[in-house]
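Enquirer: Got a sequence here, can you build the structure:
(2 chains)
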Amino acid sequence: MDRPRRARRGTAVLVALTGATLALAGCGSGGNRQDTTATTATTATTAPSATRASATTSASTATGAPTAAAQPAGTSTLASADAAVAAQLQRLDGELSASTATSEGDPTR
Amino acid sequence: MNRRSATRWSAAAFLAAGATLALATAAPAGAAPVRTDELGAIQTRCERAIDQRLTTLGDLTERVGGAQHLSADDRGELTAEIDHDTSGLSALRTTIAGESTLASLRQDCRAIVDDYRVYVLLAPKTHLVVGADAADAALDAFSSADASLSAAIDRARTNGTDAAAIADAQAKQQDMNAQTTRARGLVDPIVPAVIALTPADFNAGTAGPKLDSSRQSLRDARAALAAAKGDLDAAIHDLTRT
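Expert: Purely as a prediction, here's the structure:
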């Protein structure tokens, strides 16, 4: 994606972030859910694995931006979840790579 | 020299030391005694092998500390194992430094590998557990995305969004959920399969296959999550394009 297009898309997402944040806050869904900026990874509190502890990371709520009633609702948390997924997949890649590296080679290790 | 190269060098050095020890112990009675500097050289190599493992253990401690979804039990078990190996290898280092006979030194140096299995067991096990933790975090994020996607689709219906785009978003959502369900099924068994593996299990040949199969499961889960991420991105595109 070229830079101007990415910038336009980023602007659109930011506007959508604010509008949907307000919309979600108004309907009261997701009691502990927090919106984040697109660059801040967060984890949701829904449906944790039975054997795992649920956890949330600190998140910053978008404030101060103009409301955008016409923006598609839900894109705020969608963008947040999308960013969170990307961050965790990157982390997963690192562990997979490290796991492979440490298990290769000399059996006397 | 990177860590891997250093580790291989260390392993080679250790094997060389072992060969030296074997030759020394196989020498007939009355042969010339082993020179003190030879003993010292072996001690140095074994101490270096311990130091490299202690560095690895420090790295593992950081990774466990950074994992946010680990259960208290899993975190406690990994931390206890890392601490156990750290204190044990540190004590062994002191013992090695004080050894004066080849027989004892040989036994000590063998214990660095056999009693701890840092590189082939504890490190990959920790990476797999922390990797499963990352996959869990990703799945939770997908769960949040699914709810948000449903809400966004409902709103899109009232906002005059193109029906074809809405239908496509729904199809992507369904596939996303199928992929995350598959990933969940692959990830959930990983920690129970590897968390309790011990050096004795590795020495008996039972730990290696479990590590390998769990690693493959995590790779497969990663592929499913990547597909789910593609679905999520496509659905978001469907709902936000003008």
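Enquirer: for chain A, what's the longest helix?
Expert: Longest helix in chain A by number of residues (criterion: DSSP state H): helix A:75-103.
Enquirer: what packs against it?
Expert: Helix A:75-103 is packed against helix A:3-27, helix B:123-158, helix B:207-240, with contacts defined by 3 or more CB pairs under 8 Å, 6 or more residues apart in numbering or on different chains; DSSP states H and E. Placement of C-beta: from N, CA and C, glycine included.
Enquirer: Hmm, residue A:85 is touching residue B:134, no?
Expert: No - using CB atoms under 8 Å, residue A:85 makes no contact with residue B:134, being 10.5 Å away.
Enquirer: Residue B:121 and chain A, how far apart?
Expert: Counting by CB to the nearest CB, to the nearest Å, the gap from residue B:121 to chain A is 9 Å.
Enquirer: cool, residue B:45 as well?
Expert: Per CB to the nearest CB, residue B:45 is found 13 Å from chain A.
Enquirer: Tell me how many other residues surround that residue.
Expert: For residue B:45, the count of nearby residues is 20 (other CB atoms under 10 Å in any protein chain shown).
Enquirer: Likewise for the one 5 residues further on?
Expert: The number of residues packed around residue B:50, counting by other CB under 10 Å, is 24.
Enquirer: Report all helices and strands that the host helix or strand of it contacts.
Expert: Assigned by DSSP states H and E, residue B:50 falls within helix B:36-66. With contacts taken as 3+ CB pairs under 8 Å, 6+ apart, helix B:36-66 sits against helix B:3-26, helix B:72-98, helix B:102-114, helix B:123-158.
Enquirer: Name the stretch among the ones you listed that sits most buried.
Expert: Burial of those is given as mean neighbour count (mean count of other CB atoms under 10 Å in any protein chain shown); helix B:123-158 ranks first at a mean of 25.
Enquirer: Tell me where chain A is predicted with low confidence.
Expert: Where chain A drops to pLDDT under 70, the residues are A:1-75, A:102-109.
Enquirer: Buried residues in the helix holding residue B:50, which are they?
Expert: B:39, B:42-43, B:45-50, B:52-53, B:56-57, B:60-61, B:63-64 (16 or more other CB atoms under 10 Å in any protein chain shown).
Enquirer: report the angle between the axes of that helix and helix B:123-158?
Expert: 20 degrees (axes from the mean of the first three to the mean of the last three CA atoms, to 10 degrees).
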